[in-house]
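Visitor: Any chance you could fold what I've pasted below:
(3 chains)
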Amino acid sequence: MPRPAERADFAALPLQVAPRLLGAHLVTVVDGQTVRLRLTEVEAYHGRGTGDVPDPGSHARMGPTARNATMWGEPGHLYVYLSHGIHSCVNVVCGPDGVAGGVLLRAAEVVEGTDAAEARSGRTGRDLARGPGRLGQVSGLRYPLHDGIDAISGEALHGAVARLLLPEEPVADVATGPRVGVAGLAGTHAYPWRFWIQGDRTVSAFRWGRGAAAASPD
DNA sequence: AGTAAGATCCAC
DNA sequence: TGGATCTTACTT
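Guide: Just a heads-up that it's a prediction; the model follows:
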């Protein structure tokens, strides 16, 4: 059974934390509805000055801005951003305070609160949280209301609470590959920063980002 | 001030 | 394959 996550669990850089989030649980309580997600697919994102390699695919690639401020803050908070004007996507902030980093939660299995998840999304089964937009919708977390919510303290933010729990044992069968929908070189095998549980049916479909296929040596 | 592109999803 | 929908960041 998973244990409550501690802030120190996210002090390392995203590339190191990402695979350890597989099999972890994200529990949210929004509008009185509890939904528990078992994470099956994630992606690491760094930022300017983070780690050995720059990350041209990150929202924090150009340094701190109003939008990506949460990514530079204390680890263990959730960076919630608006994708394509429609979808609220959820990241776990990683790395020391003052260093940008996050792990995008791309897919999950709903293990508690299926009724609430179905009511929020109108979908069922493995599709409930298959893809970051769907995962965000089912979690109930929304941009900009819940950006920066602390998943360690469990402190309420605008009526929402979020908590992370980590597995005692890391998931054994982890696959890696290019990140989904990321443009240019950052979306190629030069950045194999997507991690998923091999064979899990809730993992989202892969697609190249703009210009990524052309830039890929494969 | 205008515009292009975006860590997506769904319908055609 | 294109539209929805809107914010951000870069260009006039």
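
Visitor: quick one: A:A215 from DNA strand B, how far?
Guide: Separation of A:A215 from DNA strand B (CB to the nearest atom of the strand, to the nearest Å): 12 Å. Where you see a C-beta, it was placed from the backbone N, CA and C, and this is true even at glycine.

Visitor: so who does that residue touch?
Guide: A:G184, A:L185, A:G187, A:T188 (CB atoms under 8 Å, 6 or more residues apart in numbering).

Visitor: now with 7 Å?
Guide: Counting by CB atoms under 7 Å, 6 or more residues apart in numbering, A:A215 makes contact with A:G184, A:L185, A:T188.

Visitor: For it, give its distance to A:T188.
Guide: 5 Å (CB to CB, to the nearest Å).

Visitor: same question, A:R130
Guide: A:R130 is 23 Å from A:T188, by CB to CB.

Visitor: Neighbours of A:R142, how many?
Guide: 18 (other CB atoms under 10 Å).

Visitor: Excluding residues flanking it in the chain, which one is nearest it?
Guide: A:S88 (4.7 Å; CB to CB, 6 or more residues apart in numbering).

Visitor: in the sheet, who's paired with that neighbour?
Guide: A:L82 (DSSP bridges).

Visitor: Just the buried residues of stretch A:3-21, please?
Guide: Neighbour counts over stretch A:3-21 (16 or more other CB atoms under 10 Å) mark A:5, A:9-15, A:17-21 as buried.

Visitor: Check stretch A:95-114 too.
Guide: In stretch A:95-114, counting by 16+ other CB under 10 Å, buried: A:95, A:99-110, A:113.

Visitor: returning to what we had before: contacts only, for the residue nearest to A:R142.
Guide: Contacts of A:S88 by CB under 7 Å, 6+ apart are A:V80, A:L82, A:G136, A:L141, A:R142, A:Y143.

Visitor: Take the buried residues of stretch A:95-114 and lay them out in CSV including pLDDT and secondary structure.
Guide: CSV is the format used below for these (pLDDT from 0 to 100; DSSP: H, G, I helix; E, B strand; the rest coil):
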residue, pLDDT, secondary structure
A:G95, 98, coil
A:V99, 97, coil
A:A100, 97, coil
A:G101, 98, coil
A:G102, 98, strand
A:V103, 98, strand
A:L104, 98, strand
A:L105, 98, strand
A:R106, 98, strand
A:A107, 98, strand
A:A108, 98, strand
A:E109, 98, strand
A:V110, 98, strand
A:G113, 98, coil
